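In: The following block contains a protein sequence and its predicted model.
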Amino acid sequence: DDPTDEPSDDPTDEPSDDPTDEPSDDPTDEPSDDPTDEPSDYPTDEPSDDPTDEPSDDPTDEPSNDPTDEPSDDPTDQPSDDPTDDPTDEPTTEPTSSPTNSPTEAPTDAPTSYPTSEPTEEPTEVPTSEPTENPTTPPSESTTHSPKTHRPKKTTAPPTTAAPTTTATPTTEAPAPTTTTPTTNVPAPPTTSTPTVKPTSTPSPATPTSSPGKLCSTPKVTVSSIDVGTAINYNEDEAALKLIAISAKPSGGSYVAFHGNDGKAHVVSLDASDKVISGSNVAINVHDLADIHADDKGFVVLGTRDAQGGGTLNCGNPANLCGTAPSPAVPCYDMYLIRYENGAEKWATKLTSSSASLPPYSTSGSGPDAYMIWWYAHHGRIAYDGTNWASYFGAAISTSQGGCINIHQGDRMKIVSPTGAIVDSSNSFDWGCSHSGYERVVYDNRSKEFTGICKTDNNNRIKFPTSDTTIYPVNLAASNLGDIVLDQGSNGYWMTVSNGQSQNARVHLMHFNENKATDKDILLGGTKPNERACHLAAIGQGGLLAIWEGSSSGDDLYEGASRQMYIQVRSATDGAQVSDVVPVNGVKGNRYQAFREFPDGTVAYVAPGSSSTQLNVLRVSPC
């Protein structure tokens, strides 16, 4: 629960509720759901992908505030050999195309150390900038000031059995020095707080302008190259994440958001043929872009801006932290949902709680809790109910323990109205999964609720953020998580998740219901021994588009690696195969990005193109 304690791919790397309990390599040391779980101010107190980075039951084992203590994407970071640390759920259905080789073990989302130049896949130890899913070493990226951290190692723990916690003395180990280039700070948004409002009526989802198409045995795949006129900054590393996002306009066309090399995010408008509309490029003042959602009047983006705490890099006073403060210092941010109409910012609503009067490192060693964004977890998702937007994102909490401030990593969800006001909703929460890996959320028009799931090293599983129910136990090092899609006919959901044993993983299409474990497990497969980076989207009439990537190399996939994308259409009713597995050439995925469905039943995804200003738009039609 340590906000700085990121989920770890190490099956044994779990946080403890004992404030004195530090993360340890002891496989028996498992994280706790208790929000008071000894947070650490050390940016390194993040889940790690390093298989050797395991929590310890030793009460003297203390958590660390070191930003480098994050889950790691390092392929050499492998989970434990402990037989109890292996995934327990076996798929009930055999792959329908070419299943991949049985995974042997591969880290997934746990950083292991400070990013030194550019976090590779995810920070691993002392973060100097921003851990998220699994940092590995401190990045020195000029635009991310975030150190790498350990990525959580994925291992399978009993679905619902709570992991024992141990006592550890809070510490704030100083992150390893890095050569990180200071990043350009984006202007902080206004500090005016937004009023909270209660929903006045049940929102109705936007109506598509055309009917989704029928499903065929062979989906149509097209890739269009576009030039956005701005150099693109792209990075798949968790702590230094710079992604690309697309969202459909209800009346046709889309918005595409990406990071530029100018320290800002940019949004361009595409027409219905996926061509850039001239003069549509809008620069957005955010440090990290997490997601975008479009409508016919404009769009909202989820992203971070500088915190307003003053002091050291907007964090306040590092002397408040337990142990040794990060060195070099790491910046602090707040998460915002920002509304744009007619190319101009209309409002920006802060979704975290730090402020000028409550700095990210709190007011003193015994000060109140503060929710903020640290050097990791700069990712999240937006869902829309037709009226309000839900933002589900990774976050950090600074909390007083033993007279000093410890920082824990987890996630948070807030709902915002069309006026920019925070909505008082039973769906929102201050603190959900901890540690938290991938945050996934969908609006369910059947229950009129937002449903979210995460990957956590709390008993190594996929779970709901506000329920202790285990959806599916996983090996943290092998597990990537796709998005959620509503099923047809049973009020349940579908998800894609990779699982296995560290270096090699396989992708599963799984069905589950609210607050219940999975009841259907379909093993998907391409032709590679290691398959992960999975996604899921609705396609056509009652279809699911499952997407994943495969490689002959183990561990999490990364930029520049040899990786092959595959797609397959299946039924949203029972998961039955509709199409064969189809390889997609010329496009590389990103495990943090989303494939998005469009009103006409197609699905689109955007990836870097052949030059610094080009993007490739992948579009899959059901027939």
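Out: Now that the structure is in, tell me what you want to look at.

In: From now on I want contacts and neighbour counts done on CA atoms only, so please keep to that.
Out: OK.

In: Low-confidence stretches in the stretch 151-300 of the chain?
Out: 151-212 (pLDDT under 70).

In: quick one, helices of it?
Out: Assignment of helices within the stretch 151-300 of the chain using DSSP state H, counting those that start in this stretch yields no ranges at all.

In: And for the chain?
Out: For the chain, applying DSSP state H gives no helices.

In: Okay, now the unreliable bits of it?
Out: Ranges of the chain meeting pLDDT under 70: 1-212.

In: Let's see that with 50 instead.
Out: Under the criterion pLDDT under 50, the flagged ranges of the chain are 1-210.

In: Pull out the buried residues from stretch 246-257.
Out: Within stretch 246-257, the residues that qualify as buried are 246-250, 252-257, counting by 16 or more other Cα atoms under 10 Å.

In: Test my guess that G316 contacts S364.
Out: No - shown here, G316 and S364 do not form a contact pair, counting by Cα atoms under 8 Å, at 9.4 Å.

In: Have a look at these two and say which one is more surrounded.
Out: Neighbours per residue, other Cα atoms under 10 Å: of G316 and S364, the larger number sits with G316, 25 against 19.

In: Beta-bridge partners for that one, please?
Out: According to DSSP bridges, the residues that bridge with G316 are G311.

In: ok, now which ones touch it?
Out: With Cα atoms under 8 Å, 6 or more residues apart in numbering as the criterion, the residues that contact G316 are 309-310, 359-363.

In: Equivalent analysis for D334, please.
Out: 304-307, 350-354, 372-373.

In: ok, now how distant is P599 from S562?
Out: When Cα to Cα, to the nearest Å is applied, the distance between P599 and S562 equals 33 Å.

In: Which of the two has more residues huddled nearby?
Out: P599 (22 against 13).

In: I'd assumed P250 was in contact with the more buried one.
Out: Yes - taking Cα under 8 Å as the definition, P599 is a contact partner of P250 at 6.5 Å.

In: one step back: distance to V441 added to the buried residues of stretch 246-257, as CSV?
Out: What follows is the buried residues of stretch 246-257, written out as CSV (distance: Cα to Cα, whole Å):
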residue, distance to V441
I246, 16
S247, 15
A248, 17
K249, 19
P250, 20
G252, 24
G253, 23
S254, 20
Y255, 20
V256, 20
A257, 19
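
In: which ones among those residues are found in strands?
Out: Per DSSP state E, strands hold the following members of the buried residues of stretch 246-257: 246-248, 254-257.

In: Name the nearest residue to V497, sequence neighbours excluded.
Out: L481 (4.6 Å; Cα to Cα, 6 or more residues apart in numbering).

In: wait, that neighbour sits on I453?
Out: No - contact criterion Cα under 8 Å: L481 and I453 do not qualify, at 9.3 Å.

In: And the ones in strands among the buried residues of stretch 246-257, which is closest to T230?
Out: When these are compared for distance to T230, the smallest value, 11.6 Å, is given by A257; criterion: Cα to Cα.

In: contacting residues around the closest residue to D227 other than its chain neighbours?
Out: Across the structure, with Cα to Cα, 6+ apart as the measure, the residue nearest D227 apart from its sequence neighbours is Q614 (4.4 Å). Q614 makes contact with 225-229, 232, 608 under the criterion Cα under 8 Å, 6+ apart.

In: Over to A245?
Out: Contacts of A245 were listed using Cα under 8 Å, 6+ apart, and they are 256-258, 291-292, 593-594, 605-606.

In: and those residues as TSV, adding distance to V569?
Out: As requested, these are arranged in TSV below (distance: Cα to Cα, whole Å):
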residue	distance to V569
V256	25
A257	27
F258	28
D291	25
I292	25
Q593	19
A594	17
Y605	16
V606	19
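
In: By neighbours, which of those wins?
Out: Greatest neighbour count in the contacts of A245, by other Cα under 10 Å, goes to F258: 31 neighbours.

In: wait, doesn't it sit right on A265?
Out: Yes - under the criterion of Cα under 8 Å, F258 is in contact with A265, at a separation of 5.5 Å.

In: Quick check: the residue nearest to D271 when sequence neighbours are not counted vs V485, distance?
Out: Once flanking residues are discounted, D271 sits nearest to G253: 4.2 Å by Cα to Cα, 6+ apart. Computed with Cα to Cα, the distance linking G253 and V485 is 22 Å.

In: Could you do V578 as well?
Out: With distances taken as Cα to Cα, V578 is found 17 Å from V485.

In: More neighbours: which of these two?
Out: V485 (23 against 18).

In: got the contact list for the closest residue to the more buried one other than its chain neighbours?
Out: The shortest distance from V485 to any non-neighbouring residue, by Cα to Cα, 6+ apart, is to W494 (5.2 Å). With Cα under 8 Å, 6+ apart as the criterion, the residues that contact W494 are 484-487, 509-512, 572.

In: One more: G432?
Out: By Cα under 8 Å, 6+ apart, G432 lies in contact with 410-413, 465-466.

In: Repeat the analysis, applying 6 Å as the threshold.
Out: With contact set as Cα atoms under 6 Å, 6 or more residues apart in numbering, G432 has these partners: 411-412, 465-466.

In: T352 versus that one, what's the distance?
Out: Distance, G432 to T352, by Cα to Cα: 14 Å.

In: do the same with D288
Out: In this structure, D288 lies at 15 Å from T352, with Cα to Cα as the measure.

In: And for N459?
Out: Applying Cα to Cα, the value for N459 to T352 is 26 Å.

In: Which one of the two is surrounded by more residues?
Out: Set N459 next to T352 and count neighbours by other Cα under 10 Å: N459 wins out with 31 against 24.

In: For V497, see how far away that one is.
Out: In this view, N459 and V497 are 17 Å apart by Cα to Cα.
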